[in-house]
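Student: when you get a sec, could you give me coordinates for this:
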Amino acid sequence: MAITPKQYKIYFTPRTGLNIYGNEQEVSGKISEGGISSMKKSIDAADYDIGIFYYGDVTIRAINKNGALSEPKDFRSIFRYSRDLTKVRIEYNDVNGSVDVFNGLINEEATRENFETNNISFKVLSLDSVIRTTRIPNGAIINGVTFKSALETILNKTDITTILTYDSSKINPNLNLNIDDGSKFDSISTRDGLSKLLIASNSVFIINSSNEMIVQSRSENSGGYTELYGPFSQKERSNILKVSKYNNGKQRLFTVVKVGSQTKVQSNYLTDDGYRQKTIKLDFITNTDTQLSIAQNISNEFKFPKIELEVEVETSLAKNLDLLDKILIDYPLRLKPETKF
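Tutor: Presented below is the predicted three-dimensional model:
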């Protein structure tokens, strides 16, 4: 996606200390033409897997003119403490106004610079990347607490809330049961602990357009829907640029779900879809009734296939969409005559 001053603006907010951020600065004039890679976000990132939250990263290529984007040791740099974890905001502008289309954090480990050309490349990880760099202290999760309580404990931390907004009312796991062995969360990364709880509760972790952390079921968002049309739609209102990676969703279909020693079998679906088992290991759940409840809940969610595909549209159309928003797609195939007229 090419960058033009009329369409996109790039802003950096550097840190001035540990967990302390200074003022936001526009750096659009330092970004190379076409210097932003594509942006992507999804819920289930890999085939044959569930419960993995994933937000894509972005590569920004810039020109380090006069050392403005150098490391803090250069007195000309806008970075006074560190380039790492600098907040990055990408704003899209059109006749209807402006909207943020990406928010992320610079990953200094992946920053590359060419001193001969003054070109510099920043890897900008999505805001959820802050969760990868924090851990859960020993004893933070105790035996008997609910999934919701555990999620609140690991997400409501200063290291995270300086980047993302925490609101207890938005932490609502689909299945809210009790943890049997809280010690299994001791000293593991926040991301790993979050993944465990998301799978057990059959929930998803979403960062909305206001940078709020949300844990919820996979149910679609309430409200209206966005209509997308292919080039051969009878309504002749084409707004789809490309459709790719279409599949029938069977790679995420499971007729048998096993959690611990408990197994739930969807007998009514075995004939058509076969014996497709998903085994889920949850070391913090030992109660067999809880294991069965989890297996039942996940089994009901994934017992039949759901069509999956990627749709490419203009930013102006997608700018206000959030994950789990409703989308209607009208994409008929082009009819070709079998013989020449």
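Student: for residue 151, phi and psi?
Tutor: Main-chain dihedrals, residue 151, degrees, to the nearest 10: phi -60, psi -40.
Student: pLDDT weak spots in the stretch 1-150 of the chain?
Tutor: 1-6, 39-55 (pLDDT under 70).
Student: what's the neighbour count on residue 250?
Tutor: 15 (other C-beta atoms under 10 Å). (C-beta placed from N, C-alpha, C; glycine too.)
Student: thinking it is in contact with residue 272, fair?
Tutor: No: in this structure residue 250 lies outside contact range of residue 272 using C-beta atoms under 8 Å: 10.6 Å.
Student: partners of residue 17 in the sheet?
Tutor: residue 20 (DSSP bridges).
Student: compute the distance between it and residue 218, please.
Tutor: 39 Å (C-beta to C-beta, to the nearest Å).
Student: who are the contact partners of residue 328?
Tutor: The contact partners of residue 328, by C-beta atoms under 8 Å, 6 or more residues apart in numbering, come to 225, 226, 227, 228.
Student: try it again at 7 Å.
Tutor: 225, 227, 228 (C-beta atoms under 7 Å, 6 or more residues apart in numbering).
Student: over to it. Which of the three states is it?
Tutor: Following DSSP: H, G, I helix; E, B strand; the rest coil, the label given to residue 328 is strand.
Student: and the pLDDT for it?
Tutor: Looking at residue 328, its pLDDT stands at 92.
Student: would you map the strands across the stretch 101-250 of the chain?
Tutor: Assigned strands in the stretch 101-250 of the chain, in chain order: 119-126, 204-207, 213-216, 225-229, 242-247 (criterion: DSSP state E, counting those that start in this stretch).
Student: how about the first one: buried residues?
Tutor: Of all the residues in strand 119-126, those buried under the rule 16 or more other C-beta atoms under 10 Å are 120, 121, 122, 123, 124, 125, 126.
Student: what residue ranges in the stretch 201-341 of the chain score low on pLDDT?
Tutor: Ranges of the stretch 201-341 of the chain meeting pLDDT under 70: 335-341.
Student: coming back round to it: which of the contacts of residue 328 are buried?
Tutor: If we count by 16+ other C-beta under 10 Å, the contacts of residue 328 have these buried: residue 228.
Student: ok, the contacts of residue 328 vs residue 156, which is closest?
Tutor: Of all those, residue 225 has the smallest distance to residue 156: 33.1 Å, by C-beta to C-beta.
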